[in-house]
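Asker: sequence? don't have it. structure:
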């Protein structure tokens, strides 16, 4: 059960490999990776991720603890970056390990749904046309309904 | 849209990293990794995975094509090993990439559900007590109902 | 002539992974009956059809599938991939 | 004294990321009213409370949350993590 909030990039391959090796008897490992996607307009230059130091770690740990309470997990991991990122860069990842694939999948989806709208991160996009704060999506808020 | 059936081990880290780098504009990447889990008894020595050469590749490609039809995917990958494996070794992985996390998650779960009971693999466990063919689980068959 | 393949414990009971069968059977069910009548090991392997799956030319099929033009039939237990 | 923090466009509108506020407000709503009465930039940032979220001592809260014993209040738009 690990939470890391960091400005520096991380090696997705090494993290996933290390995670899977660390819970060999789990049987099922699910990972989600979020990357900076270029806009429809295709002119995203960079993305700034602001966060709330202190609260971020607390919020992520709370979400993770809730997942551990709801599903049978051998291990879990959340890594989330902040600061300035370029298109194609990895923003964050979650990983879950369980005996059964259903638990691993559901817990990973749960972590993502909560992380999206309950962890204090805000994204600002920089394009040729200026800067804009990414707005939260109503479907992200709606997604939480599945878990209540 | 890649399918690989192979006897040799593969490097999970390298595969996941390569997959994520190959679909940078996807935004959301989900992976599932299946590992040889030791039995409850704790005396699994090795697991033999038998498959049906020719049909295996066809079945996996068909399942993958169906996922591509149902969800908006930028890329997908299935790697499945056969032959003799030890506890803790990686059996297989699937990866999906999409603009939206919901598509990536659902497509990965769909691939896994179909792969479990529609791809021609059979597992035989070797323990101190002898050998046994792993029986299919009724819940794996039931899981397919979600997608019909 | 049809190639008949066996996997997992079906292969173990029949004793071979593959054989060429000279048959006039028009459906999988008829082929199963024909093989079962041949020798005890077939009869045993096919004793409970509900525990078996069949692929015709490498596609999962039903036991009442026709065999006209078919080159390969495979019998095996329910699959356990992933 | 309460530390008040602002993030994202709330921070931009208010003009500072953090300030110490000397207040007798007993709830977040009262604090918002007090700040809004102070200067136009606060009034603008707090003009539509439904577009804002609040954390009290680093826990997501409601705007009617009491402020007794609270050390830190943060205002920000809906979060967009992941």
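Answerer: Nice, I can see it. Note that the structure is predicted; figures quoted are calculated from it, not measured.
Asker: quick check: closest non-adjacent residue to the residue of chain C found nearest chain A.
Answerer: Chain C approaches chain A most closely through residue C:82 (7.4 Å), counting by CB to the nearest CB. The C-beta positions use only the backbone N, C-alpha and C, and glycine is treated the same way. Leaving aside its chain neighbours, residue C:82 sits nearest to residue B:116 (4.3 Å; criterion: CB to CB, 6 or more residues apart in numbering or on different chains).
Asker: could you pull up the mean pLDDT of the longest helix along chain C?
Answerer: Determined from DSSP state H, the single longest helix within chain C is helix C:28-38. Mean pLDDT, taken over the full extent of helix C:28-38, equals 98.
Asker: anything in whichever helix or strand comes after that helix near chain B?
Answerer: Under the assignment DSSP states H and E, the closest C-terminal helix or strand after helix C:28-38 is helix C:40-45. No: judged by CB under 8 Å from any CB of the partner chain, helix C:40-45 makes no contact with chain B; its nearest approach is 13.2 Å.
Asker: for helix C:40-45, packing partners?
Answerer: helix C:8-14, helix C:28-38 (3 or more CB pairs under 8 Å, 6 or more residues apart in numbering or on different chains; DSSP states H and E).
Asker: next secondary structure after that helix?
Answerer: Next along the chain after helix C:40-45, taking DSSP H and E as the criterion, comes strand C:53-56.
Asker: got the contact list for that next one?
Answerer: Residues from elsewhere that reach strand C:53-56, judged by CB atoms under 8 Å, 6 or more residues apart in numbering or on different chains: B:52, B:55, B:120, C:28, C:60-63, C:65, C:67, C:70, C:72-79.
Asker: I'd like the next helix or strand past it.
Answerer: strand C:59-61.
Asker: which one of the helices and strands packed on helix C:40-45 lies nearest to chain D?
Answerer: Judging the helices and strands packed on helix C:40-45 by CB to the nearest CB, what sits closest to chain D is helix C:8-14, at 42.4 Å.
Asker: and the closest one, what's buried?
Answerer: Neighbour counts over helix C:8-14 (16 or more other CB atoms under 10 Å in any protein chain shown) mark C:8, C:9, C:10, C:11, C:13, C:14 as buried.
Asker: show me what the longest helix of chain C is packed against.
Answerer: By 3+ CB pairs under 8 Å, 6+ apart, helix C:28-38 packs against strand C:2-6, helix C:40-45.
Asker: tell me the most buried of those?
Answerer: Burial of the helices and strands packed on helix C:28-38 is given as mean neighbour count (mean count of other CB atoms under 10 Å in any protein chain shown); strand C:2-6 ranks first at a mean of 19.
Asker: that strand: partners in the sheet, and parallel or antiparallel?
Answerer: Strand C:2-6 has its sheet partners listed here by DSSP bridges as strand C:18-21 (antiparallel), strand C:72-76 (parallel).
Asker: might one say that residue A:15 is in contact with residue A:90?
Answerer: No: counting by CB atoms under 8 Å, residue A:15 stays clear of residue A:90, with 9.5 Å between them.
Asker: show me what from chain A comes close to chain B.
Answerer: The interface of chain A toward chain B, taken as CB under 8 Å from any CB, is made up of A:11-14, A:16-18, A:20-21, A:24-38, A:87-88, A:90, A:99, A:101-102, A:104-105, A:108-109, A:112, A:143.
Asker: got the angle for the helix or strand hosting residue A:45 vs strand D:72-76?
Answerer: Secondary structure from DSSP H and E places residue A:45 in strand A:44-51. Computed by axes from the mean of the first three to the mean of the last three CA atoms, to 10 degrees, the angle separating strand A:44-51 from strand D:72-76 equals 160 degrees.
Asker: okay, now the residue in chain A that chain C sits nearest to: neighbour count?
Answerer: Nearest residue of chain A to chain C: residue A:101, at 7.4 Å (CB to the nearest CB). By other CB atoms under 10 Å in any protein chain shown, 23 other residues sit near residue A:101.
Asker: I appreciate the help and will end here.
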